[in-house]
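*Asks:* quick one: sequence and predicted model below, then my questions.
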Amino acid sequence: QVQLVESGGGLVQAGGSLRLSCAASGRTFSSYAMGWFRQAPGKEREFVAAISWSGGKTYYAYSVKGRFTISRDSARNTAYLQMNSLKPEDTAVYYCARAQPNLSYLTDYESLYDYWGQGTQVTVSS
């Protein structure tokens, strides 16, 4: 059973930074692409970023490109989302997710991620 646990959320002022972590159980973490999604109040969940199993490829939503950085540490079974220049519109619950096996490309489709964490709240004040 795969478990994903997010941490690092909190309250920050606009322009500030936060780093989210996603700790994964299981010894096959390094074999799967990982993604981050977010859901703001009253809105549908949306894609934020994804990273390949090797960490060599990344993919970002237009709204966060240049401000957020996704990374991973396979030795620690952990994925990260460094968020800089935060804006009030970044306020949301942030979820990490594991991509389905044998996926040869990075994707923003939720249905192609098979395990999800419980989420961590990020609140950006103006």
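*Replies:* Cool, the structure landed. Quick caveat: nothing in here was measured; it's all calculated off a predicted structure.
*Asks:* okay, now the unreliable bits of this structure?
*Replies:* 27 (pLDDT under 70).
*Asks:* for the residue most central in space within it, give me its contacts.
*Replies:* Nearest to the geometric centre of the chain sits residue 36, at 2.2 Å (Cα atoms, centre = their mean). Applying Cβ atoms under 8 Å, 6 or more residues apart in numbering, we find residue 36 in contact with 20, 22, 48, 49, 50, 70, 79, 81, 94, 95, 96, 97. Where you see a C-beta, it was placed from the backbone N, CA and C, and this is true even at glycine.
*Asks:* can you give me the strands in the chain?
*Replies:* All strands of the chain, identified by DSSP state E, fall at 4-7, 10-13, 18-24, 34-39, 46-51, 58-60, 68-73, 78-83, 92-99, 113-116, 120-125.
*Asks:* now the fourth one: how far from the chain's centre is it?
*Replies:* A distance of 4 Å separates the C-alpha centroid of strand 34-39 from that of its chain, computed with Cα atoms, centre = their mean, to the nearest Å.
*Asks:* pull out the buried positions in that strand.
*Replies:* Neighbour counts using 16 or more other Cβ atoms under 10 Å place 34, 35, 36, 37, 38 of strand 34-39 among the buried residues.
*Asks:* just checking: what are the partner strands of it?
*Replies:* strand 46-51 (antiparallel), strand 92-99 (antiparallel) (DSSP bridges).
*Asks:* looking at the ones you listed, which is nearest to residue 12?
*Replies:* strand 92-99 (12.6 Å; Cβ to Cβ).
*Asks:* restricting to C-alpha, output the closest one in PDB.
*Replies:* The C-alpha trace of strand 92-99 is given here as PDB (Å, rounded to 0.1, in the frame of the first residue of the first chain):
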ATOM      1  CA  ALA A  92      -5.500  26.300  -1.800                       C
ATOM      2  CA  VAL A  93      -5.100  22.800  -0.400                       C
ATOM      3  CA  TYR A  94      -2.100  21.300  -2.100                       C
ATOM      4  CA  TYR A  95      -2.000  17.600  -2.900                       C
ATOM      5  CA  CYS A  96       0.800  15.300  -4.100                       C
ATOM      6  CA  ALA A  97       0.100  12.300  -6.300                       C
ATOM      7  CA  ARG A  98       1.900   9.400  -7.800                       C
ATOM      8  CA  ALA A  99       1.500   8.800 -11.500                       C
END
